[in-house]
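# mind looking at a prediction? Sequence and model below.
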Amino acid sequence: MSHDRRLITHQTDELLTILNRQRHDWLNHVQVLLGYLHLNRTDQGEAHLKRIAEIAMQESLIARLNNSLLSVFFLTFNALNKEMLLEVDVCDQVDLSCLVLDEQDLFSFVSDILCTANDHVSTDGYEPASMQVTLFSGERGVHFRFDLAGELTAEGLDELEKRVHNSKQRTVEVTEWIHTKEEWILELIVPFSK
């Protein structure tokens, strides 16, 4: 019973962290808008409102990926991690339920790449590293493009190389892979199931 209570407490703490971060982000948007209104800068206020709408639309597309594990992971990553900022861009409607990898395998595969990068990103810079993940549907499957702005440690490069090598054994096709100390880009296609 005490194990269950600790698990519930831990999950509650994480949920509160996520909710506090999201509330903080939305309050920042409101404060920026109030500042623009106060300074009578309606054009800048309107541009900021459009950016907020774009963020909300992206969050909506992420929530409708048909992989609840990956959706929740993407939507909560920044609230739970400070080393690397994650930006997810879903192009149009993407359905992850029709791929050769099932929900759990796809979640493990993608989250493993992102968590490894997060654990091994260099924290020497003024700003945190950022990873942009772009998802879009192609003819043969869903493309996942990972583009890291920041440096990885040598150990991190080795770990990610192992994961990419293992992905090639999983029916996942690597279409682009640039892996230097200064640049790390990976594009994969996860095929549709037949």
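Alright, I've got the coordinates.
# can you give me the strands for this protein?
All strands of the chain, identified by DSSP state E, fall at 84-90, 129-137, 141-149, 173-179, 184-191.
# ok, of those, where does mean pLDDT dip lowest?
Ranked by mean pLDDT, these end with strand 173-179 in last place, scoring a mean of 89.
# hang on, the earlier thing: could I get the strands of the chain as JSON lines with distance to Leu65?
The way it works is simple: take the backbone N, C-alpha and C, and place the C-beta from them, glycine included. Shown next, in JSON lines, are these (distance: least, CB to CB, whole Å):
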{"stretch": "strand 84-90", "distance to Leu65": "7"}
{"stretch": "strand 129-137", "distance to Leu65": "7"}
{"stretch": "strand 141-149", "distance to Leu65": "9"}
{"stretch": "strand 173-179", "distance to Leu65": "20"}
{"stretch": "strand 184-191", "distance to Leu65": "12"}
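# which of those sits closest to Ser71?
Among the strands of the chain, the nearest to Ser71 by CB to CB is strand 84-90 (9.6 Å).
# what's the angle from the closest one to strand 129-137?
Relative orientation of strand 84-90 and strand 129-137, computed by axes from the mean of the first three to the mean of the last three CA atoms, to 10 degrees: 20 degrees.
# and the contacts of strand 84-90?
58, 61-62, 65, 74, 77-78, 114, 117-118, 121, 128-136, 148, 150 (CB atoms under 8 Å, 6 or more residues apart in numbering).
# run the chain-centre distance for it.
Mean C-alpha position of strand 84-90 versus that of the full chain (CA atoms, centre = their mean, to the nearest Å) differs by 4 Å.
# may I see the buried residues of that strand?
Of the residues in strand 84-90, Met84, Leu85, Leu86, Glu87, Val88, Val90 count as buried by neighbour count, 16 or more other CB atoms under 10 Å.
# and for stretch 119-138?
Buried positions in stretch 119-138, judged by neighbour count with 16+ other CB under 10 Å: His120, Val121, Pro128, Ala129, Met131, Val133, Leu135, Ser137.
# repeat that for stretch 150-169.
Gly150, Glu151, Leu152, Gly156, Leu157, Glu159, Leu160, Val164, Ser167.
# for it, what is the average pLDDT?
Summarised as a single mean, pLDDT over stretch 150-169 is 81.
# got a list of contacts for it?
Stretch 150-169 is contacted from outside by 84, 109, 112-113, 116-117, 119-122, 124-125, 128-131, 174, 177, 179, 181-182, 184, 186, 188, using CB under 8 Å, 6+ apart.
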